[in-house]
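Participant: here is a sequence together with a model predicted from it:
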Amino acid sequence: MAGTSGTKTRSSAPKKAPAAGRSRGASTRPPAGRSSRGATAAKPGPRKKQPPLAGVARAVSQVWHGLGMAAGTLARAVGRNAASARELDPAHRRDGAGLAVFALALISGVALWFHAAGALGDAITGLFRLIIGNAAMVLPPLLLAWSIHLLRQRPQPERRGRLLVGCGAILLTLTGMLHLWAGSPQREAGWAHAGGVIGLLAGELERVLPASLVLLVLFLLGAFGTLVVTATPLNQLPEIVRGLFVHSAGKGEDAPHQSVAERLHLKRHPAQDQDEQPGDDAADSEIDPFLADPFPAAGRPATKRRAAKAAQQEQDPAEFDAATEILPDPATAEVDAEAARKPRRPRVVKAPVEEDLPPISRPTQLELNGGAGMYTLPSADILGAGSQHLEHTRANDEVIAALSQVFDEFNVDCAVTGFSRGPTVTRYEVELGPGVKVERITQLTRNIAYAVKSPDVRIISPIPGKSAVGVEIPNTDPEIVMLGDVLRSNVALRDHHPMLAALGKDVEGGFVVANLAKMPHLLVAGATGAGKSSCINSLILSVLTRATPDQVRMVLIDPKRVEFAAYQGIPHLVTPVITNPKKAADALAWVVREMDMRYEDMEASAVRHIDDFNRKVLNGELTAPPGSERVYTPYPYLLVIIDELADLMMVAPRDVEDAVVRITQLARAAGIHLVIATQRPSVDVVTGLIKANVPSRLGFKTSSVTDSRVILDQPGAEKLLGKGDGLFLPMGASKPARIQGAYVTDAEINAIVAHCREQLQPTYREDVTAPVAASKEIDSDIGDDLDVFLQAVELVVSTQFGSTSMLQRKLRVGFAKAGRLMDLMESRSIVGPSEGSKARDVLVKPDELAGLMYTLRNGGTADDLVDDEGDDPDEDGSSEPAPF
Ligand SMILES: Nc1ncnc2c1ncn2[C@@H]1O[C@H](COP(=O)(O)OP(=O)(O)OP(=O)(O)O)[C@@H](O)[C@H]1O
């Protein structure tokens, strides 16, 4: 037993030992060589008789092993340092690559052409020949050209793909031709002297096509490769050939020396090319400060050819343009011919010149209706002139230089081709090279801001009507735009409409005016100090200098109390300037009544617009309905200006919103126009309903992008500069135009107001600010339920479904309350009587809802709504319009 157990013990010991050995070996496995040696040592075979040179061979083998290990160690060391090698400056890496390619060109040249490059040269030659056959003979000069390119030029990753495809196609053609030329060798030895392995592809093609067609395919492939390498689209080829022909006839002396890439560059980088003109700044700047070269040298050597070209352009731009036009120009593949003929310096972009047209004068004396005599309009000459507009200053040159430098530094292929200097900002036009994304410029906004030392850089892409990106940069030397200049401009003088308002100047220096009657309502918003009040003053003064009180009457609402104080007592006012927010709400209600009355007159006279009504009245074509004692007189435009909507919305939000919405929805045809200003363009002030009905917007600087979105439905106003710098989005426009608002001084306001006051005393209407609640009282049966009742009415009329259970569900009210609301609606002729379980008939149409809500809020019924529309206005004394 003991012996058995002893045997077991012994037998188990050797089993464990290898296991332990394996586990150790797993972590520190010896090299294969060594383990095999070990194996040989452990199991020595029968000893062979060694030859006499065996010792030498063993020594050589050991030396070889030693060398191998040393090489391995070296490789590992290099591997470990590879990370730091990768951190090498890209320029050095590129130099290294260029020199390596140069060495390859040299060795392969000596090997291929002179067979004198030793074993390494022969190995390289053999490899090249195996792959591309005899085509290897042209490889050394190509490698040489590549190495020079690597050493001299900046990396151009955008060209890599094109060159790869083009060169690949040419290589396929060349090797294929060589293969066919050599008689399509079948054996490996013949390939090296034909088209190599790549040339075999042509051989494969020959199996399925006749040789002539294979040749044709190869020819087309080669042509394609050449076109791709030279970036020449096929459709441009005739033009280029024509150009070459003209040049060879002697018209372009030096064109043949100019590479295609160089010509492309000339066309596409006008700004950069002029860096390379010889230093003639001083002479230039004497002629025109703009000609002073604003671009610092970009580091490329100036070529004689470019210098000559530049000189030619300066002497005779027209001739220069003609000469450049006939150059063979592959650039026209991407830029049209018109763009290619652009002058090479950024040019001043001018606004359309309205001054060329003859001004039309209007009489300053207009007769007042009702025999009130003549009314003399204040002359615009009372208003002072602003500073003279400069189209170009030294500051522009500095900015152009800074922009060009940024584009250069970030390697963005684009150029500043023009600029237009506005009063406060200049818009620089940047044209992109082919394949350059617009985002490359927008991404640079902060770098541009840094370079031009201004945080308020705005990028417009594209400039409407142009294939160019606009970069708007504030002028370091801004100009003030005075109202007088805008009113005296031809664009203002040519339009005699009494509601034409001067807004300011655009970024091209052109005067901007807008017809308030066409807007037809305007929302002006911006942070405090942004220039709203100046703008509103300009609007009012524009009207005062152009319109008699018979033509335009105004309701001025100024909860801030001080803004419109100067206008107190002008004859254009319907009521004294309103400063009490509660009274302002009543005045807006009066405007709605006035609007309704105008509509009634227009309806009775079958005209669609107040202008037609006035024209017919003046022509004597309209008379009041028979039995009426009224005498029709023309209705003046009614301009309602609210200086701070937020103050009104705080006092009577629902009434103000209702009235504003109703006026803005309908008042256009009635000649009633609203201008609403606010410094708090938040959604609780400028509600969705108000916004939807005020189509024209004028945004001054806002404190946040959210505010900008509320006013303009897009960002941008937060980047404005304040002090009258604004974005004007007229009705129907999708992109706002940047303007500098017209400025008017207090002295000018006082002078115009004094002139108007001297002419005529105001005739105020008493009922404008009469409280609405006093005229009609909310019925007692509605009691405290007015809000929920109005909600129920809105629901029933908009869905056209008179169901009590729907009211229960949607308004979350009980059966009894929903039934009562339905009864209230029946009593006000909104729904018909109950028909058991069926839904009631809805008697008011959805498009009458706005009017109905207004009427209900003022204690009326749907009958009032219908009756008002059908009644003779003279029946009810309140509908008799009092004379203005
Ligand atoms: N068009 C303009 N041109 C030059 N400066 C202007 C212009 N508009 C306004 N400013 C300057 O900005 C200041 C503030 O302008 P304004 O009173 O019109 O701003 P606001 O937006 O009405 O501010 P608030 O809401 O506080 O009344 C003016 O005193 C004036 O110096």
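Facilitator: Cool, got the structure. Numbers count the residues shown, from 1 in each chain.
Participant: check the residue nearest to V686 when sequence neighbours are not counted and give its pLDDT.
Facilitator: Excluding its sequence neighbours, the residue lying closest to V686 (C-beta to C-beta, 6 or more residues apart in numbering) is V710, at 5.5 Å. For the C-beta atoms, the positions are set from N, CA and C on the backbone; glycine is no exception. What the model reports for V710 is a pLDDT of 90.
Participant: quick one, helices of the stretch 751-884 of the chain?
Facilitator: 772-775, 786-799, 804-811, 815-827, 849-857, 862-870 (DSSP state H, counting those that start in this stretch).
Participant: who wins for proximity to the ligand among these?
Facilitator: The ligand sits nearest to helix 772-775 of all the helices of the stretch 751-884 of the chain, at 29.0 Å, using C-beta to the nearest ligand atom.
Participant: A105 in helix, strand or coil?
Facilitator: Assigned by DSSP: H, G, I helix; E, B strand; the rest coil, the conformation of A105 is helix.
Participant: for the closest residue in space to it that isn't next to it in sequence, which three-state class applies?
Facilitator: Among residues not flanking A105 along the chain, L143 sits closest, at 3.5 Å (C-beta to C-beta, 6+ apart). Put simply, L143 is helix when judged by three-state DSSP.
Participant: surely A501 is within a strand?
Facilitator: Yes: under three-state DSSP, A501 falls within a strand.
Participant: okay, now it: neighbour count?
Facilitator: Using other C-beta atoms under 10 Å, A501 has 29 other residues around it.
Participant: that one is in contact with N537, isn't it?
Facilitator: No: checked against C-beta atoms under 8 Å, the pair A501 and N537 is beyond contact range at 10.9 Å.
Participant: OK, contacts around the residue of the stretch 551-700 of the chain found nearest the ligand?
Facilitator: Across the stretch 551-700 of the chain, no residue is closer to the ligand than Q679, which sits at 4.3 Å (C-beta to the nearest ligand atom). Each residue near Q679 by C-beta atoms under 8 Å, 6 or more residues apart in numbering is listed here: A525, G526, A527, T528, A530, K532, E644, A646.
Participant: top of those residues by neighbour count?
Facilitator: Counting neighbours by other C-beta under 10 Å, G526 comes out on top of the contacts of Q679 with 30 neighbours.
Participant: show the pLDDT at the nearest residue to that residue once chain neighbours are set aside.
Facilitator: Leaving out its chain neighbours, the residue that sits closest to G526 by C-beta to C-beta, 6+ apart is F700, at 2.8 Å. F700 carries a pLDDT value of 94.
Participant: residues contacting F700?
Facilitator: With the criterion set at C-beta under 8 Å, 6+ apart, F700 makes contact with 524-527, 530-532, 535, 717, 720, 722, 724-726, 741.
Participant: go on, H193?
Facilitator: Residues near H193 by C-beta under 8 Å, 6+ apart: R129, G133, N134, A182, P185.
Participant: ok so, going back, okay, and the beta partners of the residue nearest to G526?
Facilitator: Beta bridges link F700 to G726 when assigned by DSSP bridges.
Participant: from V524, how far out is it?
Facilitator: Counting by C-beta to C-beta, to the nearest Å, the separation of F700 from V524 is 7 Å.
Participant: likewise for S467?
Facilitator: For S467, the distance to V524 (C-beta to C-beta) stands at 33 Å.
Participant: pick out whichever of those two has more residues nearby.
Facilitator: Between S467 and V524, V524 has the larger neighbour count (other C-beta under 10 Å), namely 31 against 12.
Participant: correct me if wrong: the more buried one contacts I536.
Facilitator: Yes: the criterion here is C-beta under 8 Å, and V524 meets it with I536 at 6.6 Å.
Participant: so who does the residue of the stretch 701-850 of the chain found nearest the ligand touch?
Facilitator: Nearest to the ligand in the stretch 701-850 of the chain, going by C-beta to the nearest ligand atom, is G724, at a distance of 2.4 Å. By C-beta under 8 Å, 6+ apart, the residues touching G724 are T424, V481, G504, A530, G531, S534, C535, F700, Q740, G741, A742, Y743.
Participant: turn those into JSON lines, including secondary structure.
Facilitator: Listed next are the contacts of G724 as JSON lines, based on three-state DSSP:
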{"residue": "T424", "secondary structure": "coil"}
{"residue": "V481", "secondary structure": "coil"}
{"residue": "G504", "secondary structure": "strand"}
{"residue": "A530", "secondary structure": "coil"}
{"residue": "G531", "secondary structure": "coil"}
{"residue": "S534", "secondary structure": "helix"}
{"residue": "C535", "secondary structure": "helix"}
{"residue": "F700", "secondary structure": "strand"}
{"residue": "Q740", "secondary structure": "strand"}
{"residue": "G741", "secondary structure": "strand"}
{"residue": "A742", "secondary structure": "coil"}
{"residue": "Y743", "secondary structure": "strand"}
